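Chemist: structure here, sequence nowhere to be found:
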Ligand SMILES: C[S@@+](CC[C@H](N)C(=O)[O-])C[C@H]1O[C@@H](n2cnc3c(N)ncnc32)[C@H](O)[C@@H]1O
């Protein structure tokens, strides 16, 4: 399988969708209002939400009076989004080949979608095409300072079984966290007035076990990585993750992990 297939198969599993809803949207929802603000979403805005997932960005935009379409390539995500937010238009499709005519939207946003696209330049070019002029594109990605993220990868690199199944290489995870790289890419596509800001976010979990479960069940790359490991190596990786997260334990025994995001915006 290539990266696109790994992502699509993973996000299409019901168990992943359930774990995402249980442990991860509490985190990704934190950047929704800043994202909509950056995109100037208000009454009557025709908005496309790329990689909508469970649709919480789309729902918040609808609450602002926008005419919103949420798009995702996972049938299981779309099904759950429709159940959670009846009345919002959710479409199954690929962000890299949008099923909309040129100039259909005033704004295109994506909350933590960009790092999942095999070809993010293509997705941005598609966003450009479906935007009218003037239109706005805005998206969030993780900052390299987001503690909960690289943690499984670095633990696996240190303690993993090197002979375990190799994952297909994906796009650079932190490429769009770099404001200069984001601006360079957006400018090349034809966008103007690019800027990026950091958003502070915290991931609160009731226990270390909840964190390990969230990584192993509610994400795609980490889940594939952990599953590829034999039991003994996986136990060592999990212990290393627990140790690395000790500084983020709360007095109640839960976790509060800094997970800053980078929000970029540009105009067509
Ligand atoms: C990390 S989730 C983000 C979901 C949501 N925006 C949020 O803020 O919680 C990534 C989403 O991207 C979707 N996705 C990944 N690649 C995609 C693609 N090429 N086209 C459409 N959706 C995609 C996945 O199905 C998944 O729902």
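Modeler: Cool, got the structure. None of the values given here were measured: they were computed from a predicted structure.

Chemist: C-alpha only now, for contacts and for neighbours.
Modeler: OK.

Chemist: where exactly do the helices run in the protein?
Modeler: Remark: helices assigned in the chain by DSSP state H are 3-11, 14-19, 25-28, 32-38, 56-63, 75-84, 120-130, 150-159, 179-189, 208-217, 221-227, 231-245.

Chemist: output those in JSON lines, with mean pLDDT appended to each entry.
Modeler: Shown next, in JSON lines, are the helices of the chain (pLDDT from 0 to 100):
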{"stretch": "helix 3-11", "mean pLDDT": "95"}
{"stretch": "helix 14-19", "mean pLDDT": "96"}
{"stretch": "helix 25-28", "mean pLDDT": "97"}
{"stretch": "helix 32-38", "mean pLDDT": "98"}
{"stretch": "helix 56-63", "mean pLDDT": "98"}
{"stretch": "helix 75-84", "mean pLDDT": "98"}
{"stretch": "helix 120-130", "mean pLDDT": "98"}
{"stretch": "helix 150-159", "mean pLDDT": "87"}
{"stretch": "helix 179-189", "mean pLDDT": "98"}
{"stretch": "helix 208-217", "mean pLDDT": "93"}
{"stretch": "helix 221-227", "mean pLDDT": "90"}
{"stretch": "helix 231-245", "mean pLDDT": "93"}
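
Chemist: in TSV: those, plus mean neighbour count and distance to the ligand.
Modeler: TSV is the format used below for the helices of the chain (neighbours: other Cα atoms under 10 Å; distance: least, Cα to the nearest ligand atom, whole Å):
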stretch	mean neighbour count	distance to the ligand
helix 3-11	18	5
helix 14-19	18	8
helix 25-28	17	5
helix 32-38	19	7
helix 56-63	22	7
helix 75-84	19	6
helix 120-130	20	8
helix 150-159	17	15
helix 179-189	17	18
helix 208-217	19	12
helix 221-227	19	10
helix 231-245	17	21
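
Chemist: so for residue 44, which of these sits nearest?
Modeler: Of all the helices of the chain, it is helix 56-63 that lies closest to residue 44, at 9.3 Å by Cα to Cα.

Chemist: packing partners of that closest one?
Modeler: When contacts are defined as 3 or more Cα pairs under 8 Å, 6 or more residues apart in numbering; DSSP states H and E, helix 56-63 sits against helix 32-38, strand 46-50, strand 67-72.

Chemist: center of this structure - which residue?
Modeler: residue 112 (2.4 Å; Cα atoms, centre = their mean).

Chemist: how about the contacts made by that one?
Modeler: 28, 51, 139, 140, 141, 142 (Cα atoms under 8 Å, 6 or more residues apart in numbering).

Chemist: also residue 201?
Modeler: So residue 201 contacts 27, 30, 31, 258, 259, 260, 261 (Cα under 8 Å, 6+ apart).

Chemist: any chance of the helices of the chain in a markdown table, with distance to residue 96 too?
Modeler: Formatted as a markdown table, the helices of the chain follow (distance: least, Cα to Cα, whole Å):
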| stretch | distance to residue 96 |
| --- | --- |
| helix 3-11 | 11 |
| helix 14-19 | 21 |
| helix 25-28 | 22 |
| helix 32-38 | 21 |
| helix 56-63 | 19 |
| helix 75-84 | 16 |
| helix 120-130 | 4 |
| helix 150-159 | 26 |
| helix 179-189 | 14 |
| helix 208-217 | 26 |
| helix 221-227 | 19 |
| helix 231-245 | 34 |
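
Chemist: OK, contacts around residue 238?
Modeler: Here residue 238 is in contact with 155, 212 (criterion: Cα under 8 Å, 6+ apart).

Chemist: quick check: the gap between it and residue 179.
Modeler: Residue 238 is 33 Å from residue 179, where distance means Cα to Cα, to the nearest Å.

Chemist: pLDDT score for residue 207?
Modeler: pLDDT for residue 207: 94.

Chemist: how much space between the closest residue to residue 33 other than its chain neighbours and residue 67?
Modeler: What sits nearest to residue 33 in space, not counting adjacent residues and going by Cα to Cα, 6 or more residues apart in numbering, is residue 60, at 7.6 Å. From residue 60 across to residue 67, the span is 11 Å (Cα to Cα).
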